[in-house]
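Engineer: curious how this folds, go ahead:
(one chain, ligands or ions: 2)
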Amino acid sequence: MVHLTFLGSGDSQGVPRWWCDCEVCTEARTTGANRRVRPAVLLEWTGARVLLDAPPELRERLVAHDVRSLDAVFLTHSHNDHVGGIVDLYDFVRWTGAPLRVRVPFRSHAMLLERYPWLPARMAIDRLDGPVEHAGARFAPFEVPHGANGFAYAYRIEVEGRRMVYMPDSLDVPDALVDEHLVDLDLLVPGTSFWEERAERSLRSVLDVQEALRLTARVRPRRTIFTHLGHGVDRRRALPDGHEFAFDGMVVEP
Ligand SMILES: [Zn+2]
Ligand SMILES: [Zn+2]
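Structural biologist: Ligands and ions are numbered 1, 2, ... in the order given. Coordinates of the predicted model:
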């Protein structure tokens with residue numbers, strides 16, 4: 001049985017924005033359907049538990065889900081919203097005493113070590129140059145454009161007969177990559193920071209919901225869950241069949 005838990009489903013600044021009084025941020029402060037921290041997921045299958053990304057709120061989210069052990073961490077890229085919580089894992093391994101393998105795709109590896117040069121004292125920080133097996137699952141990282149923010153990685157994961165892609169930060173993914181990695185999926189998890197973003201193209205960095213819907217019309221995953229949601233997205237809005245918004249604490253069986 002495969003379980004995917006959304007520990008966090010927010011974009012880089014979380015919702016509510018602490019200075020903002022827009023409708024979504026106000027709702028997030030009151031009824032709270034849109035309250036969300038920076039993005040990460042926990043993937044569990046028979047005998048294994050793996051974390052994808054380590055946002056700044058990681059410690060609090062692992063406590064909330066009573067997670068006391070992790071086999072491995074896979075990072076998508078070295079931006080603060082995806083790695084800021086790695087410093088708490090440094091303490092976590094000190095107390096568990098168990099070795100923790102952190103896997104970081106190719107170009108993000110040096111960036112991570114530049115920011116946190118002391119991590120290897122307690123963790124194995126592996127550079128991923130291609131697909132890797134972990135406890136019977138296959139993790140294939142692929143680099144995706146991240147607009148004004150440069151590049152990020154996504155993972156195609158195949159586990160217990162399920163195929164999914166976790167792609168929180170991407171924009172304008174070339175057709176060749178789409179056709180290679182996003183086909184034949186049980187679950188696609190793209191990041192969509194905005195419902196419809198009007199900023200100039202050169203300033204943008206993540207897909208909006210409308211673009212992601214065009215992407216799913218092309219690749220037709222069985223199920224799509226949008227994450228990395230900013231305050232421009234009200235997750236109470238309706239989506240076409242087969243599409244949902246993630247929320248913090250959401251658990252699905254891909
Ligand atoms: Zn991000
Ligand atoms: Zn990013």
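
Engineer: ligand 1 contacts on the stretch 101-250 of the chain?
Structural biologist: Asp169 (Cβ under 5 Å from the ion). Bear in mind the C-beta positions are built from the backbone N, C-alpha and C, glycine included.

Engineer: can you name the residue of the stretch 101-250 of the chain nearest ligand 2?
Structural biologist: Asp169 (3.9 Å; Cβ to the ion).

Engineer: tell me if I'm right that that residue and Asn80 touch.
Structural biologist: No: Asp169 lies out of contact with Asn80 (Cβ atoms under 8 Å); the separation is 11.9 Å.

Engineer: now do the strands in the stretch 151-254 of the chain.
Structural biologist: Assigned by DSSP state E, counting those that start in this stretch, the strands in the stretch 151-254 of the chain fall at 151-159, 162-167, 187-190, 223-226, 243-245, 251-252.

Engineer: mind giving me the packing neighbours of the fourth one?
Structural biologist: Read that as strand 223-226. If you count contacts as 3 or more Cβ pairs under 8 Å, 6 or more residues apart in numbering; DSSP states H and E, strand 223-226 packs onto strand 187-190, helix 209-219, strand 243-245.

Engineer: just the second one next, same as before
Structural biologist: Contacts defined by 3+ Cβ pairs under 8 Å, 6+ apart place strand 162-167 against strand 151-159, strand 187-190.

Engineer: now swap in the first one and tell me
Structural biologist: Using 3+ Cβ pairs under 8 Å, 6+ apart as the contact criterion, the secondary-structure elements in contact with strand 151-159 are strand 40-45, helix 106-115, strand 137-145, strand 162-167.

Engineer: more neighbours: Asp169 and Asn80, which one.
Structural biologist: Shown here are Asp169 and Asn80; by other Cβ atoms under 10 Å, Asp169 has more neighbours (30 against 13).

Engineer: how far out from the middle of the chain is the helix or strand containing Arg61?
Structural biologist: Arg61 is part of helix 58-64 when elements are defined by DSSP states H and E. Put simply, helix 58-64 sits 16 Å off its chain's centre (Cα atoms, centre = their mean, to the nearest Å).

Engineer: other residues contacting it?
Structural biologist: With contact meaning Cβ atoms under 8 Å, 6 or more residues apart in numbering, helix 58-64 is reached by 7-8, 37, 40, 51, 55, 84-86, 88-89, 92, 248-249.

Engineer: out of those residues, give me the two with the largest separation.
Structural biologist: Greatest spacing in the contacts of helix 58-64, by Cβ to Cβ: Ile86 and Gly249 (21.6 Å).

Engineer: between those two, tell me which one has more neighbours.
Structural biologist: Using other Cβ under 10 Å, the more surrounded residue of Ile86 and Gly249 is Ile86, with 25 against 14.
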